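Peer 1: Dropping the sequence and predicted coords here.
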Amino acid sequence: MAEKATYTLGIDIGGTKIFAAVIDKNGKILGVGRKATKADKGADAVVKRILKTMDEAVEAAKVEPSQITAIGAGVPGMVDDQTGVV
């Protein structure tokens with residue numbers, strides 16, 4: 001049985017935009033998603049927008065979510081690794 005291909009999802013969470021991309025093992029971008037951050041709508045709204053942006057990138061890449069084996073995120077500012085707060 002052939003091994004199923006796996007992919008990585010990268011996400012950039014910025015003050016004005018959220019950008020996500022699915023890449024293959026060679027670094028080729030297969031699909032992207034982009035949305036405005038809309039931080040003024042609150043943390044819950046931003047989290048929902050992050051998830052929608054990730055879904056958009058996976059859909060554009062035409063891969064199954066189960067094929068995403070790693071996620072990397074970039075965020076501005078300090079992250080408290082004890083609480084997870086940015």
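Peer 2: Looks like it arrived, so ask away. Numbering: from 1, shown residues only.
Peer 1: who's in contact with Ala39?
Peer 2: Gly15, Val46 (CB atoms under 8 Å, 6 or more residues apart in numbering). From N, CA and C alone the C-beta is placed, and that goes for glycine too.
Peer 1: Quick test: name the residue nearest the centre of the protein.
Peer 2: Closest residue to the average C-alpha location of the chain: Ile11 at 3.5 Å, with CA atoms, centre = their mean.
Peer 1: give me phi/psi at the nearest residue to that one once chain neighbours are set aside?
Peer 2: Among residues not flanking Ile11 along the chain, Ala20 sits closest, at 4.4 Å (CB to CB, 6 or more residues apart in numbering). Main-chain dihedrals, Ala20, degrees, to the nearest 10: phi -130, psi 150.
Peer 1: doesn't Leu9 make contact with Ala20?
Peer 2: Yes: between Ala20 and Leu9 there is a contact at 6.3 Å, judged by CB atoms under 8 Å.
Peer 1: Looking at those two, which is more packed in?
Peer 2: Ala20 (27 against 23; other CB atoms under 10 Å).
Peer 1: distance of that one from Thr83?
Peer 2: 24 Å (CB to CB, to the nearest Å).
Peer 1: any idea how far the residue nearest to the centre of the chain is from Lys35?
Peer 2: Counting by CB to CB - Ile11 and Lys35 are separated by 11 Å.
Peer 1: Just the strands from the chain, written as ranges.
Peer 2: 7-13, 17-23, 29-36, 68-74 (DSSP state E).
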